[in-house]
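[1] this one's structure only:
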């Protein structure tokens, strides 16, 4: 039985943990334009305005990142702006 060298684990880890999310971000940058093309202008504006708030919620729930006071204030301003304009 052959022993797997430690470098192989590093390469597999690098591919799944670093390159995978990078490709996902690059793919989203191209695909979101196609998805938004089917929306009306007002709906697309609400979707893009809600992205920072969604990112904070996902960071809190999935990653356990607690947002700072300035980040929460920014999210509150975005939500208020969408609510007022929406």
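    Sure, I can see it. For clarity, every value in this text was computed on a predicted model and none was experimentally measured.
[2] Show me how the record splits this structure into domains.
    Domain segmentation of the chain under automatic domain parsing yields 1-38, 39-86.
[3] Comparing the ones you listed by mean pLDDT, which bottoms out?
    In terms of average pLDDT, domain 1-38 trails the rest of the domains of the chain, at a mean of 72.
[4] before we move on, what SS does the residue nearest in space to the middle of the chain have?
    Closest to where the C-alpha atoms of the chain average out (CA atoms, centre = their mean) is residue 55, at 5.5 Å. Secondary structure assignment for residue 55 (DSSP: H, G, I helix; E, B strand; the rest coil): helix.
[5] Check residue 39 too.
    Looking at residue 39 with three-state DSSP, the answer is coil.
[6] Where does the residue nearest to it when sequence neighbours are not counted fall, secondary structure wise?
    When the adjacent residues along the chain are set aside, residue 39 lies closest to residue 47, with 6.9 Å between them (CB to CB, 6 or more residues apart in numbering). Any C-beta I mention is one placed from the backbone N, CA and C, and that applies to glycine too. If you go by DSSP states H and E, residue 47 is part of helix 41-49.
[7] And the strand or helix carrying residue 70, what does it pack against?
    Secondary structure from DSSP H and E places residue 70 in helix 69-85. Applying 3 or more CB pairs under 8 Å, 6 or more residues apart in numbering; DSSP states H and E, we find helix 69-85 packed against helix 41-49, helix 51-58.
[8] could you check the angle helix 41-49 makes with it?
    170 degrees (axes from the mean of the first three to the mean of the last three CA atoms, to 10 degrees).
[9] got the contact list for helix 69-85?
    45, 46, 49, 50, 52, 53, 56, 67 (CB atoms under 8 Å, 6 or more residues apart in numbering).
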